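In: fold the following.
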Amino acid sequence: MQYNQEHITNQPSLEMTDAMLADMVLAGDGRAFEVMVHRYNTPLFNFIYHFLGDYDQACDILQQVFVRFYTSLPRLGTSEPFKPWLFQVARNCCIDELRRRRRYAIQFSQLETTGDNGESESLLLSEIPDTNPLPEEEMERLDMQDMLQEAIQSLPPKFRSVVLLRYISQLSFSEIGQSLSMPEATAKTYFHRAKNLLRKVLAPRLQATYVS
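Out: Residues are numbered from 1 along each chain as shown. Okay, the predicted model is just below:
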């Protein structure tokens, strides 16, 4: 049985470069775009989720990024890697979402409900019974993750972007610079400043945790 060698080599695969896959997409091969989505789906989602701290919004933003990628591909060309561009778009979408949150933020008083006695009462997380208690070690691990996530969320957006692109997305400083449209040296400076800020935020919390 003979195989069509041209057909075999034209099958999109994860081993192909972005440029090769992009050429196939521009030639009308939708499977090639699916391969690129598969290639960048997880690192992009992790970056977006840790930037915003919201799973559903991260899913929405991720879809926006890929839609913009598909519609922009004809003018992007294939001479440069797409990874920095994708993370730049993801970061910009996250910043837009943060601005939207500030514009439409709901005051805490609006989240209060009125009880049967007519008094205002709030639904507190602590009032919800925990039916699945976790081992103490697991609780400590989750507490540490929560503390780190909160500390990262407290960073200014420009520092937060660099930290997440470095730690979560594993980008080089050169790629971070391309993603954020800044020199590589500036990306390194932001990263070290962000680490110092994180230490200042986390130090008293960790001390209080171990003391208690």
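In: now stretch 42-55 - C-alpha only, PDB.
Out: Taking Å, rounded to 0.1, in the frame of the first residue of the first chain, the C-alpha atoms of stretch 42-55 are listed here in PDB:
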ATOM      1  CA  THR A  42      -2.500  26.100  29.100                       C
ATOM      2  CA  PRO A  43       0.200  28.700  29.600                       C
ATOM      3  CA  LEU A  44      -2.100  31.500  28.600                       C
ATOM      4  CA  PHE A  45      -4.900  30.400  30.800                       C
ATOM      5  CA  ASN A  46      -2.600  30.000  33.800                       C
ATOM      6  CA  PHE A  47      -1.300  33.600  33.300                       C
ATOM      7  CA  ILE A  48      -4.800  35.000  32.900                       C
ATOM      8  CA  TYR A  49      -6.200  33.100  35.800                       C
ATOM      9  CA  HIS A  50      -3.400  34.200  38.200                       C
ATOM     10  CA  PHE A  51      -3.600  37.800  37.000                       C
ATOM     11  CA  LEU A  52      -7.400  38.100  37.600                       C
ATOM     12  CA  GLY A  53      -8.000  35.400  40.200                       C
ATOM     13  CA  ASP A  54     -11.300  34.400  38.600                       C
ATOM     14  CA  TYR A  55     -11.800  31.100  36.700                       C
END
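In: which positions in it come out as buried?
Out: Buried residues in stretch 42-55, counted by 16 or more other C-beta atoms under 10 Å: 43, 44, 45, 46, 47, 48, 49, 50, 51, 52. Backbone N, C-alpha and C define where each C-beta goes, glycine included.
In: also stretch 158-174?
Out: Buried, per 16+ other C-beta under 10 Å, within stretch 158-174: 158-169, 171, 173.
In: put together a markdown table for the buried residues of stretch 42-55, with pLDDT and secondary structure on each row.
Out: Listed next are the buried residues of stretch 42-55 as a markdown table, based on pLDDT from 0 to 100; DSSP: H, G, I helix; E, B strand; the rest coil:
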| residue | pLDDT | secondary structure |
| --- | --- | --- |
| 43 | 92 | helix |
| 44 | 94 | helix |
| 45 | 94 | helix |
| 46 | 92 | helix |
| 47 | 93 | helix |
| 48 | 93 | helix |
| 49 | 91 | helix |
| 50 | 89 | helix |
| 51 | 89 | helix |
| 52 | 88 | helix |
